[in-house]
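J.: when you get a sec, could you give me coordinates for this:
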Amino acid sequence: MNNKQTKYGLEELHANNLADFMETLGKSEHWLASRNNRGVNQALGVFNTSNGLLHSSDQNINEFLTKHEFVEIRDQAKGSVIGWFDNKERQLWRPAECEFRAKSTQSDAKHIRPSGFMAGIAAITANIEAERRRFEEPTKNNFKLDNEIKALGVFRLPNKEELLNFYNHKSNFLADKNKNTLKFTDGVDYQYWPTIIGAVDLTENNVDQLPLAQAVIDKARKHEKAFVVSGGWYSKTAKEINQLLVEQGWILATESGETTYFSDKWCNLAMEQLFAKMVLENIELEAKDDKSIKLIPAEAWVDTQMIEIDYNPCRLPKLAETQLTDPEKGLWELWGQSEEALKKFGYIARDPLQDIQRRPVAIDFGTSSTVVGVTTQNGGQELLRVGVRDFYQAVAAQHFENPTVLEFLDFDSFTQVWNKQAYRPELNWNWVRASHEAQASFRDNPGDTEVLASILPRLKQWALRSDADRRIKLTGRKGREMDLQPHLERNPVRGQPLSFTGEQPLDPVELYAWYLGMAINWRGRGLFLKYYLSFPVKYPVEVRDRILASFRRGLQRSYPQSLIDHHPHILNEFEVNDLASEPAAYAAAALPHLGIEPTETGVPYAVFDFGGGTADFDYGILRWANNDEEAQGHERVFEHVGSGGDNFLGAENLLEHLVYETFKLNQDTLRQAHIQFTLPMDAIPFSGSELLIATTQAAQTNVVMLSAKLREFMESDTADLSSQLRMDLLDANGKKQPCELQLDAGLLDSFLAERIHNGIYAFFAQLARIIDKLPAEPIQILLAGNGSRSRHIEQLLENSDSQLNDILMEVFGQNPPEIKIHAPLPMDDKSPHTPTSKTGVALGLLKLTPGRGVLIKNESMAQQNGQAPFGWFIGRIARNNFKPLITPDDDYHEWKEFGVIHGGVFNLYATKSPRAYQGLVDGSPELTFYPLSLPDAMPGARLFIRAKSPGLVEYAHAEDESRLEEAIKLELNLKKLSGSHD
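T.: Numbering: from 1, shown residues only. Purely as a prediction, here's the structure:
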């Protein structure tokens, strides 16, 4: 095995882990320790790093003190008694030595001369008062302790009542009621004990306070011992007491031997031994004084890191231990490690070349969700789940519709790794999340601006609309802001490894592709080389190229570094290509699934793809290959004959309109609360909306919140909707305001019905324009996309509804063609890998991959060098109606005359709406007005325009078309003039 090192140098990795462990452990002296038992944390106690001792937790101390009223305070390490705590009276007691003997009346009494009875009494009384004063003044040094401990407070001799309470405490195991004594730490029982003003005799029935002078004279040596008291813990909580116990290395104990938890098992261990021991015991630590600092040793242990190598970045299943040690398995990432290192850690390395797969992978990169299909080893098809919370949960058909969403939690940690490690960067799911879990955050927190600002949905729309004039700003959950740069085409060099020099602009499509790649190139599946994507027919070639470049980078980055280090030649086989349009791919899956086979003359089909972003129309013929095509290895042919679409019929756009209509209905309420909202792309501001429409975060949040409430209404089988809705909305200052909104189910349902009716009308109108290219056979109408499940589609197409007949008669005349409408392919949890209205595109792509004997013919795209059709209607107003002079049916580079220029200005109108075929009136919200300034145009000059690309035209003015060669030609970007970013 080659000894070339990968980023997983085991020795270095372990050393770095140990260093990180030591550094983190040094951030706090006291740690809350717990044991993780199958996901449940069991509190152990508090770990003191200064002495290595493990003490009870705060909760344990509280429970211990609640159970025991009188406890001993013990220095476990030294084996000595510090004192006692009377939890009932909240007093601390300690043993002490009285020092009054040297100055006591004993020495004075020896010199007393009984010159008179009264004189003697006076002398003795004076001595007694002096002693009393000494003991009444606790600041005097009338006793001494073995050591002063500030943690226990200031001690003094007790008064008589305190001493008797101490003696009579039912739990005081120092008291012997039979002997009327208290046991001192020397093991001797004593009857006489000093107080602040005298000595107490504990003899049965003779409990009294003796004059100190007499006590000293008669029983001096019996009064050298004392119990002193402190109220230092009177107001301390169990947590504060435990803090002191931990700091001092003490425990609490009872007479029966019951103690608070204490362990010295981690004492005197070398740091590496401590690290290993904590890993083996599943210990987790949290800094006691800063809960944000956590230390989970097992996560920094090499074994754990290898087991969670797929789980940590993207929540793929954790590896079984046998994956590391079984000679038939092993890890790609370890290929290239030295035999010595592998033997020391007990690991097996696996050559990634063993697992190279040349089977095709299909990716339907969608606006709302993305579907990934893979050809199995036996030639079948399977779909993949990406970013689900639990890969062990039972498979459901909806799991394969992977939301096209990213969620950014920690920008700094993410970018530091993403910009430095080209292959399989060691990301963390707590930094960035993708797909299902990111979508859950988006849907579950509609009113949380912090969450919403960290989420980037509809990546495909971002790539399509991305330009220098419109930037998206994201704010990570930790507050770091990031401006997304315009989407650029950054193609990797074929056959060359990726290399990073300096900071790279974040490409969300590349990052999302990496997550897809990690799921596709999972070690249980292999490393795939061939990837195929689909795009809407109307996507400009430059947008497709940008997205393809992002996928090439992201998918390649999902390869292990060891594959690139040891087998770089494999990159010559790596491919990511555009294979077919989305509707055509759906037809490739749906027609066979419906039992529709090719014929010699051809089966005409039309796809109505009602997706999240747009509605796309595609028309074609499925036929057997002719002789020439068979000679080239083809068996069946999908021949594209036309396309169209409605850019504003996407389900998400319709949902925005429902929100807009509802806000319009409640504009008085919104004005009072200063609530704002956003304007849908193709909507017209209403009168008085100036202060209600905004593009702020608060306005966007309000739309998201109400969208969540109306989504079920739009997607359900019935038009049921409550007439009132109470919810919090954000005002212009971002403050929540309670609002009561009126909802009009009839109004909203009628809006949906009208918009979908117009879309269906446009679909059949486009079919009428290309029907002469289709064979005279029944046309198979295929409903694709989740939007096609709409109740309005079902009412319009699947029932014998007069509306459909009216549309057909209006579009085709008295003799409409025979059509057969096929409902959207349903989900089937019993057979989740069969095509549905959404997954059919990816599964259809697999049927169109090279080697399948299928030819895709698209003459119009071939004529335009692979470019998408022109995407606009451009014209002028004539007799109050829009007259399109260039349409999506027209070829590129063909000049069209628009008319005479008046006063150096030509009023140009443009739209992307297919309803332009039927006619749009002047002032329609779907029209964009642009006064084209031509100050140098001569009187009588005419305007000429020609299409150059899907969103770009070239214009010039001349007396007639023959003079165009010498005319100055200028370009006009239709996206910019309309403010559209589609």
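
J.: what about Thr188, neighbour count?
T.: In this structure residue 188 is Val, not Thr. 11 (other Cβ atoms under 10 Å). For the C-beta atoms, the positions are set from N, CA and C on the backbone; glycine is no exception.

J.: any idea how far Asn180 is from it?
T.: To Asn180, Val188 is 14 Å away according to Cβ to Cβ, to the nearest Å.

J.: likewise for Gln393?
T.: Counting by Cβ to Cβ, the gap from Gln393 to Asn180 is 72 Å.

J.: which of these two has more residues huddled nearby?
T.: Neighbour count, other Cβ under 10 Å: between Gln393 and Asn180, Asn180 has more, with 17 against 10.

J.: low-confidence stretches in the stretch 351-500 of the chain?
T.: 387-391, 446-447, 465-471 (pLDDT under 70).

J.: let me see the ranges of the helices in the stretch 601-750 of the chain.
T.: Per DSSP state H, counting those that start in this stretch, the stretch 601-750 of the chain carries helices over the ranges 627-631, 651-665, 667-673, 697-715, 745-770.

J.: what comes up buried for the second one?
T.: Just to be clear, that refers to helix 651-665. 651-663, 665 (16 or more other Cβ atoms under 10 Å).

J.: what residues does that helix touch?
T.: 367-368, 458, 610-613, 670, 677-683, 686, 692, 702-703, 706-707, 710-711, 713-714, 741-744, 747-748, 751-752, 755, 785-787, 790 (Cβ atoms under 8 Å, 6 or more residues apart in numbering).

J.: and it, C-alpha only, in CSV?
T.: In CSV, the C-alpha atoms belonging to helix 651-665 read as follows (Å, rounded to 0.1, in the frame of the first residue of the first chain):
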residue,chain,number,x,y,z
ALA,A,651,-47.8,26.5,-6.9
GLU,A,652,-45.6,28.7,-4.7
ASN,A,653,-46.5,31.8,-6.7
LEU,A,654,-50.2,31.0,-6.5
LEU,A,655,-49.8,30.6,-2.7
GLU,A,656,-48.3,34.1,-2.6
HIS,A,657,-51.3,35.4,-4.4
LEU,A,658,-53.7,33.9,-1.9
VAL,A,659,-51.8,35.7,0.8
TYR,A,660,-51.9,38.9,-1.2
GLU,A,661,-55.6,38.7,-1.7
THR,A,662,-56.1,38.0,2.0
PHE,A,663,-54.0,41.0,3.0
LYS,A,664,-56.0,43.2,0.5
LEU,A,665,-59.2,42.0,2.1
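
J.: for the residue nearest to Phe713 when sequence neighbours are not counted, phi and psi?
T.: Residue nearest to Phe713 in three dimensions, not counting chain neighbours: Leu721, with 4.9 Å by Cβ to Cβ, 6 or more residues apart in numbering. Per-residue torsions, Leu721: phi -160, psi 130 (degrees, to the nearest 10).

J.: what's Leu721 in contact with, if anything?
T.: Shown in contact with Leu721 (Cβ under 8 Å, 6+ apart): 710, 713, 743, 745, 748.

J.: number of residues surrounding the second one?
T.: Which is Phe713. 19.

J.: check Ala631 too.
T.: When neighbours are defined as other Cβ under 10 Å, Ala631 has 9 of them.

J.: how near is Ala175 to Thr887?
T.: According to Cβ to Cβ, Ala175 and Thr887 sit 106 Å apart.

J.: span of stretch 176-184 from start to end?
T.: In stretch 176-184, first residue to last residue: 11 Å (Cα to Cα, to the nearest Å).

J.: who touches that stretch?
T.: Stretch 176-184 is contacted from outside by 95, 166-167, 174-175, 189-191, 193, 202-204, 207, 225, 227, using Cβ under 8 Å, 6+ apart.

J.: of all those, which two lie farthest apart?
T.: Farthest pair in the contacts of stretch 176-184 (Cβ to Cβ) is Pro95 and Glu204. Separation: 23.8 Å.

J.: the more surrounded of the two?
T.: Neighbour count, other Cβ under 10 Å: between Pro95 and Glu204, Pro95 has more, with 19 against 11.

J.: measure the most centrally placed residue in the chain to Arg385 for me?
T.: Nearest residue to the geometric centre of the chain (Cα atoms, centre = their mean): Arg433, 3.8 Å. Counting by Cβ to Cβ, the gap from Arg433 to Arg385 is 14 Å.

J.: ok, now Ile455?
T.: From Ile455 across to Arg385, the span is 20 Å (Cβ to Cβ).

J.: got it, and Pro95?
T.: Distance from Pro95 to Arg385, by Cβ to Cβ: 69 Å.

J.: and for Thr662?
T.: Per Cβ to Cβ, Thr662 is found 35 Å from Arg385.

J.: how about Phe411, what does it touch?
T.: 474, 476, 478, 480, 482.

J.: will you turn these into JSON lines that also has secondary structure, distance to Ile874 and neighbour count?
T.: Output for the contacts of Phe411, formatted as JSON lines (DSSP: H, G, I helix; E, B strand; the rest coil; distance: Cβ to Cβ, whole Å; neighbours: other Cβ atoms under 10 Å):
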{"residue": "Leu474", "secondary structure": "strand", "distance to Ile874": "35", "neighbour count": "19"}
{"residue": "Gly476", "secondary structure": "coil", "distance to Ile874": "42", "neighbour count": "22"}
{"residue": "Lys478", "secondary structure": "coil", "distance to Ile874": "47", "neighbour count": "14"}
{"residue": "Arg480", "secondary structure": "coil", "distance to Ile874": "44", "neighbour count": "16"}
{"residue": "Met482", "secondary structure": "strand", "distance to Ile874": "37", "neighbour count": "15"}
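
J.: turn the residues you listed into JSON lines, columns for distance to Val603.
T.: Below are these laid out as JSON lines (distance: Cβ to Cβ, whole Å):
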{"residue": "Leu474", "distance to Val603": "47"}
{"residue": "Gly476", "distance to Val603": "52"}
{"residue": "Lys478", "distance to Val603": "56"}
{"residue": "Arg480", "distance to Val603": "55"}
{"residue": "Met482", "distance to Val603": "50"}
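
J.: the stretch 701-850 of the chain: strands as residue ranges?
T.: 724-730, 736-742, 779-784, 819-822 (DSSP state E, counting those that start in this stretch).

J.: which of the helices of the stretch 601-750 of the chain is buried the deepest?
T.: helix 651-665 (a mean of 21; mean count of other Cβ atoms under 10 Å).

J.: how much does it deviate in direction from helix 745-770?
T.: Angle of helix 651-665 versus helix 745-770, following axes from the mean of the first three to the mean of the last three Cα atoms, to 10 degrees, is 140 degrees.
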